[in-house]
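1. Sequence plus predicted model, see below.
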Amino acid sequence: MTASQPWTRPPPAATRSGWRLLVVMIAVALNLRPAIAAVPPVLDAIQADLGLSATGAGLLTALPVVCMGVFAPAGAALGRRVGRETAVSCALALVACGTLVRGLGESVVPLYGGTLVAGIGIAMGGALLPGVVKAWFPARAGAVTGLYTAGLVTGAMLASAATVPLSHALGGGWPAAIAAWGLLAVAALVAWVPATRRLRATAEPPVPGRLRLPWGSGVAWRITLYMGSQSLLYYAALTWLSPLYLAAGWSASRAGLLLGLFSLTQVFSALAVPAMVDRTGDHRPWVALCVGTATAMLAAVGLVPTAAPWVWAALLGLGVGGMFALALTMLVRQASTPAAAARLSGMALLVGYLIAATGPVLAGAVYDATGSYRAPFLMLAGIGVGTLVVGVSVRPSARV
């Protein structure tokens, strides 16, 4: 199929029940970040209880990001074999189980083991959702991408802001607080399965055979590099923004609120930027604006962190929310069909998140080496400049 050929139109069930699918898809998206974002607010407590170094603590955040890369093609392949909707159900079940396992005690084994299982589920869900958007909402791909991106960052915001209060309310310390988010995934699974039953019955039959990723496409490689570098910036900032201010004398609750603000502002740019891309037809000016803002704020946090911390966090959130939404928008807009979107997502998430996983660990290692947060945040600002160059190199007319 070429870029000019239309794909199969959505089945009648999808058209009649589009609003319901949209709601449950956002519910799925809400669960693809709390397992990661719940850790940084209680990272100091985890390090103290388990004796983790800064590098080991960074690995705790990096592990699900590695999974998001390694297992993304598995999600796309499972969707080909059993259907997108059934595969999303499997992904949610893994997220729920892995997150709940982390509450089994103050021990390295359930913490890292549960994080691994949840990370696999997050990877599968992230690889499948662009294909769902392309298949069921082809005429509103940008706007729907913005909505489910907003769901992703809202999940991160809730976990960032509420994990510390949860640890106090539940009385079980950090294990209970980070495990409680598994209940949210259970609720999403209970909503997803009946809402998509008719869609599973009317969708195109599963496609057997190997999933062929677009390794020979230059466009796919540029999108992949952009996906990886912008994700690296996000996960490194998510991991180390709160510890930086804890080291500056802030309380855990105040640092958690700052991280919540960082996540909250992402919601607005995640919603607005894809809609503006739909309106203008060109993502490049928005890449320049969002990545440029994030890069400037990373430099500000590194150089003058206490000058205006709430402003830095809010603007950094606006930047990273927009640049992440743009990455997901490219996975949908630059793909010619739903199947192409699944292949492009598999490649971009596989390589991109392996790149991104180095961010928290690398920043932690730089901190261990220098004893200061200035060097890692300035390093991230330098990576932001490269991210901007790669992002604007993808033409709006390019197709995979």
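-> Ah, there it is.
2. CA atoms for contacts and neighbours, from now on please.
-> OK.
3. Relative to the whole chain's centre, how far out is stretch 97-104?
-> Stretch 97-104 sits 20 Å away from the centroid of its parent chain (CA atoms, centre = their mean, to the nearest Å).
4. cool, and stretch 175-186?
-> Offset of stretch 175-186 from its chain centre (CA atoms, centre = their mean): 18 Å.
5. Between its first and last residues, what's the separation in it?
-> 18 Å (CA to CA, to the nearest Å).
6. Need the contact partners of it.
-> Residues from elsewhere that reach stretch 175-186 (CA atoms under 8 Å, 6 or more residues apart in numbering): 28, 31, 34-35, 38-39, 92-93, 95-106, 159, 163-164, 166-167, 170.
7. Which of those residues fall within helices?
-> 28, 34-35, 92-93, 95-101, 159, 163-164, 166-167, 170 (DSSP state H).
8. and the helix or strand hosting Val88, what does it pack onto?
-> Assessed by DSSP states H and E, Val88 sits inside helix 84-101. Under the contact criterion of 3 or more CA pairs under 8 Å, 6 or more residues apart in numbering; DSSP states H and E, helix 84-101 touches helix 72-82, helix 108-136, helix 173-179, helix 181-195, helix 197-202.
9. so how far is whichever strand or helix holds Leu244 off the chain centroid?
-> Assigned by DSSP H and E, Leu244 falls within helix 218-247. The chain centroid and the centroid of helix 218-247 are separated by 10 Å under CA atoms, centre = their mean.
10. and that helix, what other elements does it pack with?
-> Judged by 3+ CA pairs under 8 Å, 6+ apart, helix 218-247 is in contact with helix 54-70, helix 252-280, helix 309-333, helix 338-370, helix 374-392.
11. ok, now with 6 Å
-> If you count contacts as 3 or more CA pairs under 6 Å, 6 or more residues apart in numbering; DSSP states H and E, helix 218-247 packs onto helix 338-370, helix 374-392.
12. number of nearby residues for the closest residue in space to Gly146 that isn't next to it in sequence?
-> In space, and not counting its chain neighbours, Gly146 is closest to Leu271: 4.5 Å by CA to CA, 6 or more residues apart in numbering. Leu271: 23 surrounding residues under other CA atoms under 10 Å.
13. Could you measure from Ala93 over to Gly75?
-> Taking CA to CA, one finds Ala93 at 13 Å from Gly75.
14. Quick check: neighbours shared by the two?
-> With contacts taken as CA atoms under 6 Å, 6 or more residues apart in numbering, Ala93 and Gly75 have no neighbour in common.
15. These two: who's more crowded?
-> Gly75 (29 against 21).
16. Find the residue closest to the more buried one in space, skipping its chain neighbours.
-> In space, Gly75 is closest to Met124, 4.0 Å off (CA to CA, 6+ apart).
17. so the one you found makes contact with Val70?
-> No - taking contacts as CA atoms under 6 Å, Met124 lies outside contact range of Val70: 9.8 Å.
18. Looking at these two, which one has more neighbours?
-> Set Met124 next to Val70 and count neighbours by other CA under 10 Å: Met124 wins out with 35 against 23.
19. ok, the more buried one to Ala29 distance?
-> Separation of Met124 from Ala29 (CA to CA): 12 Å.
20. Kindly report the same for Ala179.
-> Using CA to CA, Ala179 is found at 18 Å from Ala29.
21. pLDDT score assigned to the residue nearest to Gly146?
-> Note on Leu271: pLDDT of 87.
22. buried sites along stretch 292-306?
-> For stretch 292-306, a neighbour-count test (16 or more other CA atoms under 10 Å) marks Gly292, Thr293, Ala294, Thr295, Ala296, Met297, Leu298, Ala299, Ala300, Val301, Gly302, Pro305 as buried.
23. of all these, which comes closest to Tyr234?
-> Comparing the buried residues of stretch 292-306 against Tyr234 with CA to CA picks out Ala294 as the nearest, at 9.2 Å.
24. just the angle between the helix or strand hosting the closest one and helix 252-280, please?
-> Element membership for Ala294 (DSSP H and E) is helix 284-303. On the basis of axes from the mean of the first three to the mean of the last three CA atoms, to 10 degrees, helix 284-303 is oriented at 160 degrees to helix 252-280.
25. Can you name every helix or strand that helix 284-303 contacts?
-> If contacts are counted by 3+ CA pairs under 6 Å, 6+ apart, helix 284-303 sits against helix 309-333, helix 374-392.
26. Find me the pLDDT at the closest residue in space to Ala275 that isn't next to it in sequence, would you?
-> Computed as CA to CA, 6+ apart, the closest residue to Ala275 that is not its neighbour in sequence is Ala143, at 5.2 Å. Here, the pLDDT recorded for Ala143 equals 78.
27. re the thing from before, so how do I select the buried members of the contacts of stretch 175-186 in PyMOL?
-> Only the buried members of the contacts of stretch 175-186 end up in this PyMOL selection, burial being decided by 16+ other CA under 10 Å:
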select buried, resi 28+31+34+35+38+39+92+93+95+96+97+98+99+100+101+102+103+106+159+163+164+166+167
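28. ranking the helices and strands packed on helix 284-303 by mean pLDDT, which is last?
-> Note on the helices and strands packed on helix 284-303: lowest mean pLDDT is at helix 309-333, with a mean of 93.
29. Please identify the buried residues of that helix?
-> Of the residues in helix 309-333, 309-310, 312-333 count as buried by neighbour count, 16+ other CA under 10 Å.
30. Then stretch 36-53?
-> Buried, per 16+ other CA under 10 Å, within stretch 36-53: Ile36, Ala37, Ala38, Val39, Pro40, Pro41, Val42, Leu43, Asp44, Ala45, Ile46, Leu52.
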